[in-house]
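Participant: Just need the structure, nothing else, for what follows:
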Amino acid sequence: VRSSAASDVYKRQVSTQSTGLQLVRTNLFSTNLINVSKIHWSDRPGNIIDQIYAFDEKQTLVSSKQVEFEDYTPSPGWVEHSPDVLFSTVVHCIQDSFQNTNISPSQLLSIGITNQRETTIVWDSETGKPLHNAIVWLDSRTQSTCETLCSKLRSTSGNPEAVKDHFRSRTGLPIATYFSALKLKWLYDNVPQVRDAINNHTCRIGTVDSWLIYKLSGDLKVHVTDVTNASRTMLMNIHSLQWDPTIIEELDLPVDAVLAGLPQIKSSSEIYTTIQNESLPNFKGVPISGCLGDQQAALIGQRCLSAGLAKNTYGTGCFLLMNTGEKLVHSNHGLLSTVAFRLGPNAPTYYALEGSIAIAGRAVQWLRDNLGLIKSAREIDDLAKQVENTGGVYFVPAFSGLFAPHWRADARGVLVGLTQYTTKEHIALATLQAAAFQTREVLEAMEQDSSVKVQKLLVDGGMTASPTLLQFQSDILNIPVFRPSNSETTALGAALAAGLASGFYSLESLTSGGDHQGSAYSPLKLSSDDREHLFSGWKDAIQRSFGLAK
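Facilitator: I've put the predicted structure just below:
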């Protein structure tokens, strides 16, 4: 029997003003192996690593390899990627996945894609050439665009204080630099080539997933996205799961022209098209059958498939998602309402609450690259565990503002409570604890919005290599924290979605599976009084970060 397998092309970007992170994973299902290509931070600032992973049928990692390339930061706060470099890297990954193995391209049954969300790409529908570099999700150039829009809405609103939530009832999202709609608005207003193409109905508008599918489909020029990626644009109505022309109109964009350029919205698990690109002659005809935003893919990879289950990914930022089932829960506490997944065109839509934290692991990189306190990110745990506590030090790493639950673009980083006694060990511990404190803020907001008490937090991402962080996370939340033995949960989630569409996996196998061989952390070290005292100090430090960006 010819097994299914997915190729997950995963692109996730996390970056700041001077460096960028991009992940592209390519999962290839064969009779015995799933290969995964991933692009992520190198130890050299500004460089990105493309790693290829191979999983066997039990989802066990059996091999990996890597390659590097660079990104672009043309101005402070701007982060861009070349769409052509992105695609050529994916082609390279797919081709290299079969080098020095006993796997033949003829064994490949299907491909799945998971990608960084919100990153916006525009290209010419006739030539297929990009009209501008991709604007990455963390890029902050649209701050003035947000302010202008809010000012316009404030002048016509009956509740001027609520303008940032003007689109929330329709999209689940606040007005913020984070989302694709404002990036598209900036491109239309500032790049004549893009404006002309949109007005002439020759512009294709998409996120990383739609760009990759378009390019992989070759002359078929298939232009689609899935509901999870579409739900992060601030252009999709989260109830109808279709593009909302009223939002486009309120953004002062040409409605018909933009609608003509946007991709068709599909489920997260179905056959969208086949590979037809001339760069991959040995792979022609292979179906592309899975597509998910990176954090939703991790939700599936962690088997958070029913309401009340939550996972947190600790990367350069933190992304905490709670599955709310088929019920859309609107947040009153600074969270995002988003689509979790729709595993088939006729399957029900599952929703999630999400708290996005801008800076987590990036603060560790800052200690390394800017302050020189450590030589590699891995050293922070050894440094932090040399002290019992932070000596009253709190570090709020609001380098470019705060995301959930505060949404304060005027916040900046602060280091609070320094004394002559403070050492680099205290600062290292405070850096790890900052990720845990921010996670508690988001989780408490989730529980208030959903009226569901989270019983256990599933975790993944690079920072989870720190036992000091995970133990403190469990202590400050007062619930168990579980890290799976397979840290590649995002790649696994995309593989499961693609495999489901191609028949390799059944829905029952998705719900009954899971990694039970990981590391569990239970609350051990903090009394209730100590826990609340520490968290009170954190909330005071957060307040001190507000209003520092004038």
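Participant: roughly how far apart are residue 146 and residue 401?
Facilitator: 11 Å (CB to CB, to the nearest Å). In this view, the C-beta of every residue, glycine as well, is placed from N, C-alpha and C.
Participant: Quick check: neighbours shared by these two?
Facilitator: The contact sets of residue 146 and residue 401 overlap at residue 409 (CB atoms under 8 Å, 6 or more residues apart in numbering).
Participant: what about the chain, any weak spots by pLDDT?
Facilitator: Confidence mapping of the chain against pLDDT under 70 gives the ranges 1-70, 100-101, 103, 157-161, 513-516.
Participant: Sticking with the residue lying farthest from the centre of the chain, tell me its helix or strand.
Facilitator: Distance from the C-alpha centroid of the chain peaks at residue 420, with 39.2 Å (CA atoms, centre = their mean). If you go by DSSP states H and E, residue 420 is not part of any helix or strand.
Participant: Let me see the backbone angles for it.
Facilitator: Backbone torsions for residue 420, taken as degrees, to the nearest 10, come to phi -60, psi -20.
Participant: who's in contact with the residue lying closest to residue 276 once chain neighbours are set aside?
Facilitator: Spatial nearest neighbour of residue 276, excluding adjacent residues (CB to CB, 6 or more residues apart in numbering): residue 218 at 3.3 Å. By CB under 8 Å, 6+ apart, residue 218 lies in contact with 275-278.
Participant: mind listing what the residue nearest to residue 327 when sequence neighbours are not counted touches?
Facilitator: Using CB to CB, 6+ apart and skipping the chain neighbours, the partner closest in space to residue 327 is residue 351 (6.6 Å). Residues in contact with residue 351 (CB under 8 Å, 6+ apart) are 238, 323-329, 337-340.
Participant: let's see it at 10 Å
Facilitator: Applying CB atoms under 10 Å, 6 or more residues apart in numbering, one finds that residue 351 lies in contact with 172, 231, 238, 307, 322-329, 337-342.
Participant: wait, residue 409 sits on residue 177?
Facilitator: Yes. Proximity of residue 409 to residue 177 meets the contact threshold set by CB atoms under 10 Å, at 7.3 Å.
Participant: so what sits against both of those two?
Facilitator: 140, 143, 146, 400-401, 403.
Participant: neighbour-wise, which of the residues you listed leads?
Facilitator: residue 403 (27 neighbours; other CB atoms under 10 Å).
Participant: thought that residue was touching residue 442?
Facilitator: Yes. Counting by CB under 10 Å, residue 403 does reach residue 442; the two are 9.2 Å apart.
Participant: Need the residues touching each of these two.
Facilitator: With CB under 10 Å, 6+ apart as the test, residue 403 and residue 442 both reach 318-319, 334, 355-357.
Participant: which among those gets closest to residue 387?
Facilitator: Nearest to residue 387 among those, counting by CB to CB, is residue 318 at 23.1 Å.
Participant: What is the neighbour count of the nearest residue to that closest one once chain neighbours are set aside?
Facilitator: Setting aside the residues directly before and after it, residue 318 is nearest to residue 357 in space (CB to CB, 6+ apart), at 3.7 Å. By other CB under 10 Å, 25 other residues sit near residue 357.
Participant: Thank you kindly, that will do.
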